[in-house]
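Undergrad: Using only what follows, build the 3D model:
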Amino acid sequence: MKKLLTCAGLLCASISPLLGAYNTNGSCPQPCPPKPACPPKCPPPPSCNPAGKINDCMPMVILPDAGPRVCCGVDIDINASFIYWTARMDGLGFAVSGYRNNDDQPPGKGDVKHVDNDFHPGFKVGLGLGLDHDGWDIAAEYTWLYTSTDSDSTIQAVFNESTLSPMWNAGADSLTSPGSTITFASGSYDIDLNVIDLELGRNFFVSNYLKMRPHFGLKGTWYDADYSVRYRGTDTPVTGQPNQWRIGFDHDYWGVGIRAGLDTAWHFTNNFSIVGDVALSGMWGQFDVDRRDVASRFNDETFLSTVLLNTENQFHTVKPVLELFLGMRWDTWTCDEEFHFSLEAGWEEQVWWTQNQMFAVYEEGAHGDLVLHGLTIKARFDF
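TA: Below you'll find the predicted structure:
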């Protein structure tokens with residue numbers, strides 16, 4: 001019994017220091033050691049720094065994400081653009097002056113008559129989403145533009161002294177063949193253009209002040225274009241002889257293809273940058289061009305119309321599209337980086353190769369390119 005009491009005393013003596021570590025004054029537990037300082041609720045990501053300056057909080061990775069991203073948001077952006085463009089189709093000359101019709105008097109210096117190319121307003125609207133995977137983003141944009149132009153040319157009222165000659169032959173009518181003379185010519189052209197672009201890209205820092213965003217995706221388009229030419233012969237029509245001609249084209253096109261490009265932003269302050277973008281597409285599409293030529297003949301003090309040609313050219317092929325943009329951008333973040341807003345303006349150019357497939361009587365089309373260019377003003381909001 002004495003040995004048991006001795007062992008119990010030794011055991012109590014050995015565990016009393018351990019108990020003291022967990023009790024103060026023999027009853028209350030000792031407070032927990034202080035935790036390290038908690039990080040902010042939603043620390044701004046590296047891309048919240050508009051200038052892209054590397055700091056200790058940025059992950060040390062190659063080509064870090066440049067967003068733009070927002071804090072505590074869903075990284076959705078909506079954007080809208082006002083465009084003021086002109087749509088110019090090559091090969092729309094309809095008459096030429098300076099043709100020698102009188103052997104006794106050489107003609108003066110002439111020129112080729114084209115339809116006017118005015119600027120018209122249009123718009124773009126877009127939607128984007130920043131992805132969690134490696135800073136990738138997806139974007140979609142729709143573009144709409146409608147232009148309508150026309151031009152008239154009157155040389156002289158006296159038919160046998162006219163130096164104006166047609167550039168389109170109405171059917172097989174020799175009166176409108178090149179080298180014949182007319183007293184009046186006019187041309188008109190309009191196009192209703194629709195474009196959809198889909199992109200997958202990543203915006204990253206190349207240096208503290210240079211951002212690049214390579215991207216690839218799809219491009220789709222459809223448009224309806226109309227081109228019409230009118231000629232008038234003698235001002236005093238002869239019974240049974242054509243005096244007026246109309247050559248009309250309905251030029252429809254749709255296409256879809258692969259699109260790839262590179263967007264760049266060259267920052268010179270935290271908020272302002274020079275923007276330069278380029279993209280190239282290969283469009284698989286269908287051309288559907290209808291042509292209808294009508295001649296009007298004077299008979300019994302009225303004009304009777306006769307269809308000289310009614311035909312169609314439809315085929316599929318691949319055509320390239322080149323897009324260029326150069327401008328200035330302003331970026332800003334508000335409400336503790338929870339919202340991002342940018343505004344940019346610049347000049348945009350697009351070249352659609354060999355889109356003019358309007359054909360002459362004895363030859364196929366491919367008479368020129370479709371060129372779009374003009375002012376683009378874009379606003380973007382991220383949340």
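Undergrad: can I assume Asp336 is in contact with Gly73?
TA: No: Asp336 lies out of contact with Gly73 (C-beta atoms under 8 Å); the separation is 11.1 Å. Placement of C-beta: from N, CA and C, glycine included.
Undergrad: How many neighbouring residues does Val206 have?
TA: 12 (other C-beta atoms under 10 Å).
Undergrad: same check, this time on His215
TA: Look at His215: counted by other C-beta under 10 Å, it has 22 neighbours.
Undergrad: That one reaches Glu199, doesn't it?
TA: Yes: using C-beta under 8 Å, His215 is in contact with Glu199, at 4.5 Å.
Undergrad: Need the overlap of contacts for the two.
TA: Ala139 (C-beta atoms under 8 Å, 6 or more residues apart in numbering).
Undergrad: what residue ranges in the chain score low on pLDDT?
TA: Per-residue confidence for the chain (pLDDT under 70) gives these ranges: 1-61, 100-107, 153-162, 179, 235-240, 300-301, 365-366.
Undergrad: What segments of this protein are strands?
TA: Applying DSSP state E to the chain gives strands spanning 76-89, 93-97, 112-114, 120-130, 136-154, 164-166, 184-202, 204-207, 210-232, 242-267, 272-299, 302-334, 339-356, 368-382.
Undergrad: how about those strands, which one is nearest Ala172?
TA: strand 302-334 (7.3 Å; C-beta to C-beta).
Undergrad: any idea which of the strands of the chain is most buried?
TA: strand 164-166 (a mean of 24; mean count of other C-beta atoms under 10 Å).
Undergrad: Residues contacting that one, please?
TA: Applying C-beta under 8 Å, 6+ apart, the contact partners of strand 164-166 are 94-97, 99, 153, 155-156, 176-185, 229, 231, 245.
Undergrad: Next, the contact list for the closest residue to Ile258 other than its chain neighbours, please.
TA: In space, and not counting its chain neighbours, Ile258 is closest to Gly282: 5.7 Å by C-beta to C-beta, 6 or more residues apart in numbering. Counting by C-beta under 8 Å, 6+ apart, Gly282 touches Gly257, Ile258, Val318, Lys319, Pro320, Val321.
Undergrad: Against His215, how distant is the second one?
TA: In this structure, Ile258 and His215 are 12 Å apart, going by C-beta to C-beta, to the nearest Å.
Undergrad: Likewise for Leu343?
TA: From Leu343 to His215 the distance is 21 Å (C-beta to C-beta).
Undergrad: Show me the beta-bridge partners of the residue nearest to Ile258.
TA: With DSSP bridges as the criterion, Gly282 is bridged to Ile258, Pro320.
Undergrad: Would you check how far apart it and Phe82 are?
TA: The separation that Gly282 has from Phe82, given C-beta to C-beta, amounts to 29 Å.
Undergrad: circling back: can you say which two of the contacts of Gly282 are spatially most distant?
TA: Ile258 and Lys319 (12.7 Å).
Undergrad: Quick check: closest non-adjacent residue to Arg230.
TA: Nearest to Arg230 is Ser186, by C-beta to C-beta, 6+ apart, at 4.8 Å.
Undergrad: For that neighbour, give the beta-bridge partners.
TA: Beta-bridge partners, per DSSP bridges, of Ser186: Asp152, Arg230.
Undergrad: Pull the contacting residues for it.
TA: Neighbours of Ser186 in contact, by C-beta under 8 Å, 6+ apart: Phe94, Asp150, Ser151, Asp152, Ser153, Val229, Arg230.
Undergrad: Name the nearest residue to the second one, ignoring sequence neighbours.
TA: In this structure, Asp150 finds its nearest non-sequential neighbour in Ser188, 3.7 Å apart by C-beta to C-beta, 6+ apart.
Undergrad: Please tell me how far the one you found sits from Asp173.
TA: 21 Å.
Undergrad: try His251
TA: Taking C-beta to C-beta, one finds His251 at 22 Å from Asp173.
Undergrad: repeat for Thr354
TA: Taking C-beta to C-beta, one finds Thr354 at 28 Å from Asp173.
Undergrad: Please apply the same query to Phe272.
TA: Applying C-beta to C-beta, the value for Phe272 to Asp173 is 61 Å.
Undergrad: Asp65 now?
TA: 66 Å.
Undergrad: likewise Gly327?
TA: 50 Å.
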